[in-house]
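Student: Quick one: sequence and predicted model below, then my questions.
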Amino acid sequence: MLAVRLFLLAEGADRHQRETAVADDGALEIRPGLVIPAGELNWRFSTSGGPGGQHVNTSNTRAEVRFDIAGSPSLSPAVRQRLLDRLGDSVAVAASDRRSQARNRELALQRLASRLAGALRVDTPRRATRPTLGAKRRRLDAKRRQGARKQERRSRSDDD
């Protein structure tokens, strides 16, 4: 298996290093126990835009991978429902950053894994807490200072 290091730094994602494993047959492991077979990934290749001369115009280096969430038999019902709620019926990711189609395929798989892992992440609910006594005192002191500051301005402008 070829291991690809992936850092999930998107909003709401945890900042710990996470590995996504891509098997030689193209299967994508999102997390332990959740593997998407290569047959469920639909690939499309096209020419990349931007500068690059003749190479860009003749090579299909842009890679786009599409995953049909609604029709995937490899997902459990709970995982499928969570992905449908957060991402919709299907998810598509494209990569045209590199000149090599193989490298763009790897980048597209990384981005797809990142998007799916982010959608599967469960946020811990916030527990309500009370402000500390020190926080209350600091807030009231700040209000008093602000009021005194405004009072000083008011009395100066009245003398003119």
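Tutor: Here it is on my side, so go on.
Student: Mind listing residues that contact stretch 74-87?
Tutor: 34-37, 40, 69-70, 72, 91, 115-116, 119-120 (CB atoms under 8 Å, 6 or more residues apart in numbering). All C-beta spots, glycine's among them, are computed from the backbone N, C-alpha and C.
Student: Show the low-confidence segments of this protein, by residue range.
Tutor: Within the chain, the ranges that satisfy pLDDT under 70 run 1-26, 50-53, 55-57, 155-160.
Student: And the chain, what are its domain boundaries?
Tutor: Recorded structural domains for the chain (assignment: automatic domain parsing) are 2-120, 129-160.
Student: As a markdown table, those with mean neighbour count would be great.
Tutor: Supplementary listing: these in a markdown table, determined by neighbours: other CB atoms under 10 Å:
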| stretch | mean neighbour count |
| --- | --- |
| domain 2-120 | 15 |
| domain 129-160 | 9 |
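Student: Any chance of TSV for the contacts of stretch 74-87, columns distance to residue 134 and secondary structure?
Tutor: Formatted as TSV, those follow (distance: CB to CB, whole Å; DSSP: H, G, I helix; E, B strand; the rest coil):
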residue	distance to residue 134	secondary structure
34	45	strand
35	51	strand
36	51	strand
37	56	coil
40	55	helix
69	49	coil
70	52	coil
72	52	coil
91	47	strand
115	42	helix
116	43	helix
119	40	helix
120	39	helix
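Student: need these in TSV with distance to residue 128, can you?
Tutor: Output for these, formatted as TSV (distance: CB to CB, whole Å):
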residue	distance to residue 128
34	33
35	39
36	39
37	44
40	42
69	34
70	37
72	38
91	35
115	32
116	32
119	27
120	26
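Student: Closest one of these to residue 103?
Tutor: residue 115 (18.8 Å; CB to CB).
Student: The closest one and residue 141, how far apart?
Tutor: According to CB to CB, to the nearest Å, residue 115 stands 47 Å off from residue 141.
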